[in-house]
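S.K.: How does the following fold in three dimensions:
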Amino acid sequence: MISTTELSLANAITHGQEIGYRVSFHCENCGHDMFLLEHREEKIGNRNEDIIIERTFYLRCTQCGSEEANHNITIIPSWSGPRIDRDKLPKWECDK
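M.R.: Next comes the predicted model:
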């Protein structure tokens, strides 16, 4: 059964409303949301016309000093972003 929240969200998207959510990191140890960025890695590629963006952030909490890593993967499907020149991106190579 679909909840009323899911149904209203689907209805809003169908009628063209822009819906988004704020994404933020919180320290796994103390819950604080401020970090120092120690290191960042990024890999971008084209896989069958889908754009794959893989990012890893190595963070240190400014409150308790805990260190953590956050790994994000974004996929831009082939039917989305028609103005992106996909031929200029390198071919996506999977790490083994």
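S.K.: Tell me the first helix or strand C-terminal of the least confident helix or strand in the chain by mean pLDDT.
M.R.: When each helix and strand of the chain is scored by mean pLDDT, DSSP states H and E, helix 4-14 comes last, with a mean of 69. Downstream of helix 4-14, the first helix or strand assigned by DSSP states H and E is strand 35-47.
S.K.: Just the CA trace of the helix or strand following that next one, in CSV.
M.R.: Once strand 35-47 ends, the next helix or strand along the chain (criterion: DSSP H and E) is strand 50-61. This file holds the C-alpha atoms of strand 50-61, laid out as CSV (Å, rounded to 0.1, in the frame of the first residue of the first chain):
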residue,chain,number,x,y,z
ASP,A,50,25.6,7.4,-18.7
ILE,A,51,27.9,9.7,-16.8
ILE,A,52,29.4,8.3,-13.6
ILE,A,53,30.9,10.6,-11.0
GLU,A,54,32.5,8.9,-8.0
ARG,A,55,33.8,11.1,-5.1
THR,A,56,35.4,10.2,-1.8
PHE,A,57,35.8,12.8,0.9
TYR,A,58,38.2,12.2,3.9
LEU,A,59,36.9,14.4,6.7
ARG,A,60,37.9,15.2,10.3
CYS,A,61,35.3,16.5,12.8
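S.K.: what's strand 50-61 packed up against?
M.R.: strand 35-47, strand 67-76 (3 or more CB pairs under 8 Å, 6 or more residues apart in numbering; DSSP states H and E). C-beta: built from backbone N, CA, C; applies to glycine.
S.K.: Output those strands as JSON lines; include the columns mean neighbour count, mean pLDDT and distance to Ser24.
M.R.: Listed next are these as JSON lines, based on neighbours: other CB atoms under 10 Å; pLDDT from 0 to 100; distance: least, CB to CB, whole Å:
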{"stretch": "strand 35-47", "mean neighbour count": "13", "mean pLDDT": "90", "distance to Ser24": "10"}
{"stretch": "strand 67-76", "mean neighbour count": "12", "mean pLDDT": "88", "distance to Ser24": "11"}
